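Asks: Sequence and predicted structure are below.
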Amino acid sequence: MESPKTFGSDSIANLIRSYGVPYLPMTPGASFRGLHDSIVNHLDNKDPELLICIHEEHAVAVAHGYAKVTGEPLIVALHSNVGLMHAAMAIYNAWCDRVPMLIIGATGPLDAEKRRPWIDWIHTSQDQGQVIRPYCKWDDQPISPDAALNAISRGMSITKSLPRAPVYINCDTILFEEEHDPSTEQLIDGTRDQTELPGLTEKQLERLKSAISSSKNIVILLGRLNRNQNNFDNRIRLAEGLSATVITDLRTGSTFPTDHDLHCPPDNLMPSEKSSDVIRNADLVLSFDWIDLGGLLRNTFKSPVANCPTFHFSLDQNLINGWSKDHCEPARNATTLLVDPNTAVNQLVDIFDFAKNPPSAVQPKSRKETIDDSLSMRSLASVAYSVLQSEQVTLIRTPISWRSEDWVFSDPLDHLGFDGGGGIGSGVGMAVGGALALKRSNRLPVAILGDGDYLMGVSGLWTAVHHNIPVLIIVANNRSFFNDELHQERIAIARDRDVNNKGIGIRLDEPDVDLVSMATAQGCVGFGPIYTSDDLRQELKLAVKQVKAGKVVVVDARVSRSY
């Protein structure tokens, strides 16, 4: 008896189900035969749940925020070539942040005889993956249902392997309308790939044991590491067992308790002078996937060369290419060990027999509030911490001016880090994605965003409201792209020019933008504008109650133009 026939889109939907992916962010497709239509017609809205996003950049940012919490990829659906071009910046952020993600796109019929007039022609492009190939781990353009199934299965395996980064599968729209023999689906198993993480060899472990045993001033640099609680505890065990000083990176989030006596905090996104002094006095540096090791050494020694033995545990060089320079400057005299940094920490804990030691329970140090007459960025952070410290907060995002001493991180989910590629506009989408991953937890999702970032991504709030994803977004609103304003000021001083011109072309006033109205128009609860620390304290208490009631809340805090 002949096997029943189905369509390519049915088979792809079944494969997506087999991965157990809970959510599928996507943008509504305008093309009758676009990918969006095929997915919608063949997926149950709850298996996985479709997340409708107004802009393709938001769809990718949502998956990015979700991956930062869970370490797991979502599948994102983009509408043809125009959708991919919209999403390009968010994909670059995800690439630089090394998060997994499988993106499915579409092109109009490559067979010109099957294209409808106008619309199919402007939505068809040759070698569509070329648009993002320099910052995409792998891409494919299958031309049959069977090939599409294998591409998606292979793409999921590739994006989940280390180092992680997005992959892109581009399908001809005709593919979704072709008949397909479902019996071939037995060849595809969405759960088949269990890649073993590469670790240190016995020879490498012996070399490290010898170097560590002969060192007295060890510095541990914690970079891109996962949010597994056992791995977090092992970092504490390793630092305590070696009496090593630990330096963390705000770009990568919470990797070590920031109130621990062995922790040496950076100032903000850049190292502090104190951390540079610690590195200068080290006789051994252990770098666990530090994002910019050469740059850190250049800031410390005026050259990317350390004055002591340095070991760098990272797989990142397997991903770098000639187009993107996000791999940053190499440390010229470091020994790079191509291993998973999390596995390396665990192995070092084992060989020194530190596993039996319970990690110290860190007692948070008392923190004095920084309150000023105007609502500065420091004051905003201080007030927010004092109001929220009794909650289990996950800081999904913080602005570029955030200082490490502004908040205590004691859990791997306390802070998720930065955006990866510095692409402004990602904050709202990542806040929604992070909050989505935390939706069924007891944590309070909070994002503190700059006003420029918020304005670029503001329509991403609609997705959170529509899908009942509670989150608190505090906008540090200085009515300026203030980081550039500081740069203008430095240049003006260096060139003996009028510093009063520093805000020209940068400030976001005249007219003043009503950030709260932009939020409430999409169904959010809004507070502000708020101009004083006392008012912020009171409004944040009300805002937390609204988030706990399931609302999406935006607070407009009018901070002064200063750091």
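Replies: Cool, got the structure.
Asks: Give me the below-cutoff pLDDT ranges for the stretch 251-400 of the chain.
Replies: The stretch 251-400 of the chain contains residues with pLDDT under 70 at 362-368, 370, 373.
Asks: Let's see that with 90 instead.
Replies: Residue ranges of the stretch 251-400 of the chain with pLDDT under 90: 265-273, 275, 322, 355-374, 376-377, 400.
Asks: Repeat that for the stretch 101-250 of the chain.
Replies: Using pLDDT under 90, the flagged stretches of the stretch 101-250 of the chain are 106-110, 114, 116, 119-120, 123, 143-149, 172-198.
Asks: how about the strands of it, start to end?
Replies: 101-107, 138-140, 166-172, 179-180, 218-222, 245-247 (DSSP state E, counting those that start in this stretch).
Asks: Save the ones you listed as CSV, and put in mean neighbour count and distance to Arg507 too.
Replies: To be clear about C-beta, it is placed using only N, CA and C from the backbone, and glycine gets the same treatment. Below are the strands of the stretch 101-250 of the chain laid out as CSV (neighbours: other CB atoms under 10 Å; distance: least, CB to CB, whole Å):
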stretch, mean neighbour count, distance to Arg507
strand 101-107, 28, 35
strand 138-140, 19, 40
strand 166-172, 27, 35
strand 179-180, 16, 56
strand 218-222, 24, 37
strand 245-247, 25, 35
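Asks: Ok, which of those strands comes nearest Thr124?
Replies: Closest approach to Thr124 among the strands of the stretch 101-250 of the chain (CB to CB): strand 101-107, 5.3 Å.
Asks: mind checking how far the closest one is from the chain centre?
Replies: On the basis of CA atoms, centre = their mean, to the nearest Å, strand 101-107 is displaced by 19 Å from the centre of the chain it belongs to.
Asks: same deal with stretch 158-176?
Replies: The chain centre lies 18 Å from the centre of stretch 158-176; the measure is CA atoms, centre = their mean.
Asks: Send me it as PDB with only the CA atoms.
Replies: Coordinates of each C-alpha in stretch 158-176 appear next as PDB, following Å, rounded to 0.1, in the frame of the first residue of the first chain:
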ATOM      1  CA  ILE A 158      25.900  22.500  15.100                       C
ATOM      2  CA  THR A 159      24.400  25.400  17.000                       C
ATOM      3  CA  LYS A 160      24.400  23.400  20.300                       C
ATOM      4  CA  SER A 161      28.000  22.300  19.900                       C
ATOM      5  CA  LEU A 162      30.800  24.500  21.400                       C
ATOM      6  CA  PRO A 163      31.600  27.300  20.600                       C
ATOM      7  CA  ARG A 164      27.900  28.100  20.100                       C
ATOM      8  CA  ALA A 165      26.500  30.600  17.600                       C
ATOM      9  CA  PRO A 166      23.400  31.000  15.400                       C
ATOM     10  CA  VAL A 167      22.800  28.900  12.300                       C
ATOM     11  CA  TYR A 168      20.600  29.700   9.400                       C
ATOM     12  CA  ILE A 169      18.400  27.500   7.200                       C
ATOM     13  CA  ASN A 170      16.900  29.100   4.100                       C
ATOM     14  CA  CYS A 171      14.100  27.300   2.300                       C
ATOM     15  CA  ASP A 172      12.500  27.900  -1.100                       C
ATOM     16  CA  THR A 173       8.800  28.500  -0.500                       C
ATOM     17  CA  ILE A 174       8.000  25.900  -3.100                       C
ATOM     18  CA  LEU A 175       9.500  23.300  -0.800                       C
ATOM     19  CA  PHE A 176       6.700  23.800   1.700                       C
END
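Asks: picking up where we left off before, distance to Arg440 for the strands of the stretch 101-250 of the chain - can I get that in CSV?
Replies: CSV is the format used below for the strands of the stretch 101-250 of the chain (distance: least, CB to CB, whole Å):
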stretch, distance to Arg440
strand 101-107, 21
strand 138-140, 31
strand 166-172, 25
strand 179-180, 35
strand 218-222, 28
strand 245-247, 32
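Asks: Tell me the gap between the longest helix along the chain and the middle of its chain.
Replies: The residue-count maximum for a helix in the chain (DSSP state H) belongs to helix 80-97. Computed by CA atoms, centre = their mean, the chain-centroid distance of helix 80-97 equals 13 Å.
Asks: who touches the closest residue to Ala334 other than its chain neighbours in this structure?
Replies: Using CB to CB, 6 or more residues apart in numbering and skipping the chain neighbours, the partner closest in space to Ala334 is Thr310 (4.1 Å). For Thr310, the contacting residues are 284-285, 287, 293, 331, 333-335, taking CB atoms under 8 Å, 6 or more residues apart in numbering as the criterion.
Asks: Now restrict these to buried residues only.
Replies: Neighbour-count burial (16 or more other CB atoms under 10 Å) applied to these gives 284-285, 287, 293, 331, 334.
Asks: From the contacts of Thr310, which land in strands?
Replies: Among those, the ones falling in strands (DSSP state E) are 284-285, 287, 335.
Asks: could you dump these to CSV with distance to Asn268?
Replies: Shown next, in CSV, are the ones in strands among the contacts of Thr310 (distance: CB to CB, whole Å):
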residue, distance to Asn268
Leu284, 27
Val285, 22
Ser287, 20
Thr335, 29
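Asks: which among those gets closest to Asn346?
Replies: The shortest approach to Asn346 among the ones in strands among the contacts of Thr310 belongs to Ser287, at 16.4 Å (CB to CB).
Asks: Next, work out how far apart that closest one and Leu225 are.
Replies: Ser287 sits 11 Å away from Leu225, going by CB to CB, to the nearest Å.
Asks: do Met377 as well
Replies: Distance of Met377 to Leu225, computed by CB to CB: 27 Å.
Asks: Please apply the same query to Pro166.
Replies: In terms of CB to CB, Pro166 sits 20 Å off from Leu225.
Asks: do Leu74 as well
Replies: Counting by CB to CB, the gap from Leu74 to Leu225 is 21 Å.
Asks: Compare these two (neighbour count), which wins?
Replies: Under the neighbour definition other CB atoms under 10 Å, Leu74 and Leu225 were set side by side, and Leu74 has more, 29 against 24.
Asks: Enumerate every residue touching the more buried one.
Replies: By CB under 8 Å, 6+ apart, the contact list for Leu74 reads 21-25, 62-63, 66-67, 101-102, 433.
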